[in-house]
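S.K.: need coordinates for the below:
(2 chains)
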Amino acid sequence: MLGRLKSIFSKVKKTVDKETKKPKEIKDKKKPSILTKLNIIKNLEKTKLKKILDELEEGLLTNNVAYSVTEELKKTIKESKPKELKKTLEKKLKEILSADSIDIYKGEKPIKIMFIGVNGVGKTTTLAKLASHLQKKKKKVVIAAGDTFRAAAIEQIQAHADKLKINLIKHSYGSDAAAVAFDAIEHAKAKKLDYVLIDTAGRSHANEDLMRELEKVKRVSKPDFTILVVDSLTGNDAVDQAKLFGEKIGIDGVILTKADADERGGAIISVAHETGKPILFLGTGQEYKDLKEFNADDIIKQIL
Amino acid sequence: MVLDKLSDSLKNALKKLTSGKVDKEAVAELCSEIKKSLISSDVSIELARNIAKNIEKRALKEKVAGGLTAREHTVNIVYEELTNLLGKEFEEIPTEIKPTKIMLVGLFGSGKTTTAGKLAKLYKKRGKKIALVQTDTWRPAAYAQLKQLADVLKVDFYGDAKERNPVKIYRAVKKDLEKYELVIIDTAGRDALNDELTKEIESIDKTVQAQTKLLVLSGDIGQAAQKTAESFHKAVGVTGVIVTKLDGTAKGGGALSAAAATKAKVNFIGVGEKLDAFEEFKPKNFVSRILGMGDLETLLEKASEAIDQETAEKAAKNIMKGELSFTDLYNQMEALKKMGPLGQITNMIPGMGKMNIPKDKLKEQEENMKIWKYLMDSMTLEEKDNPSLMNESRIQRIVKGSGRDETEMRELIKQYKQMKKMMKAFSGQSKKFNRMQKLMGKKGMPKMPGMF
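M.R.: Numbers count the residues shown, from 1 in each chain, chains lettered A, B, ... in the order given. Modelled structure (predicted):
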């Protein structure tokens, strides 16, 4: 993950070298960072700057950063004074990736977390991973089997609950997901549990009826945190997903899944940019332990 | 919908090509527009650039054929280049061999299992004897999921919830599968970078020896699509692609680039959660649609699926007599609804796609149709068949019964009267009517309520 993004910057770096034709000016023994190099751009003519921006654009796009986000990044950098290019880029990336974080470990018991997202992004697996993560922190958890639509969705989450030895509150298929969530919350209150994790059926964010249904689950369960789950491999649609789920349901944080399946990582930037919400975890594999806390500074360091 | 953005921006950019000559600047602008919208539709950067370059080169270099305007000339080239990308002709999956084996492969969460159910439903409708086989031993309840779908579809199901080795599962049932005409094999989702899972799919492939191997790709996949497709192709030799989840805002470009990379055709697209939300993918028709040229073929197909022969003939008879009942109106609206969202339908009508009917207008119309349905649901059979019975007290009762308001009821009656007038005009002109009757009788073309 993000190895590819890093390569964009090294490519831009090369162009800067070529265009300035004074690479020897930098005699650091350490590998000069892209930002040091960008410092030199201040002397560049506009045409050369354009070339660099084009490369940055191409790099971002190939690495799966959404088009709209790429355009905006480019604009910010273009508008900045050449002298401040370095600062601007660093600032912008930091700004995108480090939204005010939320603390999912604090709150009045039971803390309710609802998982939402389109079909097939990995909501259920992620929920199970977080359940396991919370268990390790000695927290008591109950799961609400809120996907009452897809064939065998209840069996799927039941299998996880069994493996983790966690109580699962479920109704039958076709029943009201909001009622399932409600029952799980009542259960948690009665048993004085720490967490209620609410699974929901995957749905297209463009389907208004299904979004209304989800809104109802949220209205009834009043989750402390609503987490949008996004597949790292998603292209430009990541922006639309983030936008529509954000507008219609409201989200507090994001988890990107399947981060191990793609070394590009552009979706992180797209989603973070669109939602302005913190990225809490990255899903990095099939095991319960494959849930990594997201650290913006590490990522920024990695990229630059 | 697929390449929605491309469709919108193409329509806008093509508008600028109005002068008689192929204007160099306008073409360049069009091509940059095309490139931009292809990229924002997730088409791979390289592919997008090549397509735009080709179009620009050809539009300027090739002679404008006699009688064509500059715009038509350019549209033709865009049409050709895009159909090239999408694989030109539609080809049926060959199903003559018994049993024909179709194996589904793909990433996690791309929709393989749902797609297996959709394929089974489609081919069952076509009269095939079908078996569904689950070899996914990784994801919890994958077995239960496909089994539940098989039960709903009343199709035979094979699998083993306890066995962990997919090859063993298949070997154990191989003999039983010989009696079927079509066997659909679901496999576990995997990411293309995982060696263990890649080896597994290779060994399943060797055992199953499916004639058709379909790569199932999510419509919202981005720039990783091409590489994914290539690695699946390398492992099993993909023969076709199914693009799923195209009912939302997914752009489909990633999946299309993947298909182009493996030289495999897109066979089907998934357009919804329900098992019949599944379409054959016909590149030419599709490109016509996004260029605003319409797609009558698909429209007629959808129409004939949506309306049954008997209803169509009965309606035709009524209209011949210059009569129209609420029942007819109701049936038409139902048929129209079955064909899909109005936006999609209007895009298939030649000329209408170009009109760019505002989306909220279409939504409003869809809402109206819903309300009229509620109102008609509150009518007695007698009232439905004989609208002239309608009087004040009946109207009040219907309004109350349906929970709607009187204005809406009046609107329905107004709509009905307008249509009746239109139908009368039709029946008066017997020549025109005969043509229409033919259409309705043979292809079941529903009449569009006078909506636009």
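
S.K.: can you give me the domain assignment for the chain?
M.R.: No chain was given, so I picked chain A. Domain assignment of chain A by automatic domain parsing yields the ranges A:3-97, A:111-294.

S.K.: my question was about chain B, not that one.
M.R.: According to automatic domain parsing, the ranges for chain B are B:4-86, B:100-282, B:296-443.

S.K.: determine which stretch of the ones you listed is the most buried.
M.R.: Of all the domains of chain B, domain B:100-282 carries the top mean neighbour count, a mean of 21, counting by mean count of other CB atoms under 10 Å in any protein chain shown. No exception for glycine: its C-beta is placed from N, CA and C like everyone else's.

S.K.: quick one: it to chain centroid distance?
M.R.: Domain B:100-282 sits 19 Å away from the centroid of its parent chain (CA atoms, centre = their mean, to the nearest Å).

S.K.: got it, and stretch B:28-44?
M.R.: Chain-centre distance of stretch B:28-44: 23 Å, with CA atoms, centre = their mean.

S.K.: now swap in stretch B:17-34 and tell me
M.R.: 31 Å.

S.K.: tell me if it is near chain A.
M.R.: No. Contact of stretch B:17-34 with chain A is not found when judged by CB under 8 Å from any CB of the partner chain; the minimum separation is 12.7 Å.

S.K.: please apply the same query to stretch B:198-210.
M.R.: No. Under the criterion of CB under 8 Å from any CB, chain A is not reached by stretch B:198-210; the shortest gap measures 12.1 Å.

S.K.: residue contacts, the residue in the stretch 151-300 of chain A that chain B sits nearest to?
M.R.: Per CB to the nearest CB, A:G235 is where the stretch 151-300 of chain A lies closest to chain B, at 2.3 Å. With contact taken as CB atoms under 8 Å, 6 or more residues apart in numbering or on different chains, A:G235 is in contact with A:64, A:66, A:267, B:42, B:220-223, B:225, B:251, B:253-254.

S.K.: do B:K384 as well
M.R.: By CB under 8 Å, 6+ apart, the neighbours of B:K384 are B:325-327, B:330, B:376.

S.K.: where in the chain is pLDDT low?
M.R.: All of this refers to chain A. A:1-47, A:81-86, A:263, A:301-304 (pLDDT under 70).

S.K.: not what I meant, chain B
M.R.: B:1-5, B:18-21, B:193, B:292-309, B:312, B:315-316, B:318-322, B:339-357, B:426-452.

S.K.: report whether stretch B:247-265 contacts chain A.
M.R.: Yes. Stretch B:247-265 reaches chain A (CB under 8 Å from any CB) through B:247-251, B:253-254.

S.K.: end to end, how far does that stretch reach?
M.R.: The first residue of stretch B:247-265 is 20 Å away from its last residue (CA to CA, to the nearest Å).

S.K.: same thing with stretch B:210-228?
M.R.: Stretch B:210-228: ends 20 Å apart by CA to CA.

S.K.: quick one: the strands in chain A?
M.R.: A:111-116, A:141-144, A:167-169, A:195-198, A:225-231, A:253-257, A:279-283, A:291-293 (DSSP state E).

S.K.: and the first one with strand A:225-231, angle?
M.R.: The reference is to strand A:111-116. Interaxial angle of strand A:111-116 relative to strand A:225-231 (axes from the mean of the first three to the mean of the last three CA atoms, to 10 degrees): 30 degrees.

S.K.: what angle do strand A:253-257 and strand A:111-116 make with each other?
M.R.: Using the same axes, to 10 degrees: strand A:111-116 against strand A:253-257 is 50 degrees.

S.K.: in strand A:111-116, which residues are buried?
M.R.: Buried residues in strand A:111-116, counted by 16 or more other CB atoms under 10 Å in any protein chain shown: A:111-116.

S.K.: neighbouring strands - and their directions - for that strand?
M.R.: strand A:195-198 (parallel), strand A:225-231 (parallel) (DSSP bridges).

S.K.: which element is the spatially most distant residue from the centre of chain B on?
M.R.: Computed with CA atoms, centre = their mean, the residue of chain B farthest from its C-alpha average is B:S393, at 44.4 Å. If you go by DSSP states H and E, B:S393 is part of helix B:392-402.

S.K.: in the stretch 151-300 of chain B, which spans are helices?
M.R.: Along the stretch 151-300 of chain B, the segments classed as helices by DSSP state H, counting those that start in this stretch run B:166-177, B:195-208, B:225-236, B:253-262, B:283-290, B:296-306.

S.K.: and the contacts of the longest one?
M.R.: Counting contacts by CB under 8 Å, 6+ apart, the residues outside helix B:195-208 that touch it are B:101, B:103, B:105, B:135, B:166-167, B:170-171, B:185, B:187-188, B:190-192, B:213, B:231-232, B:235-237.
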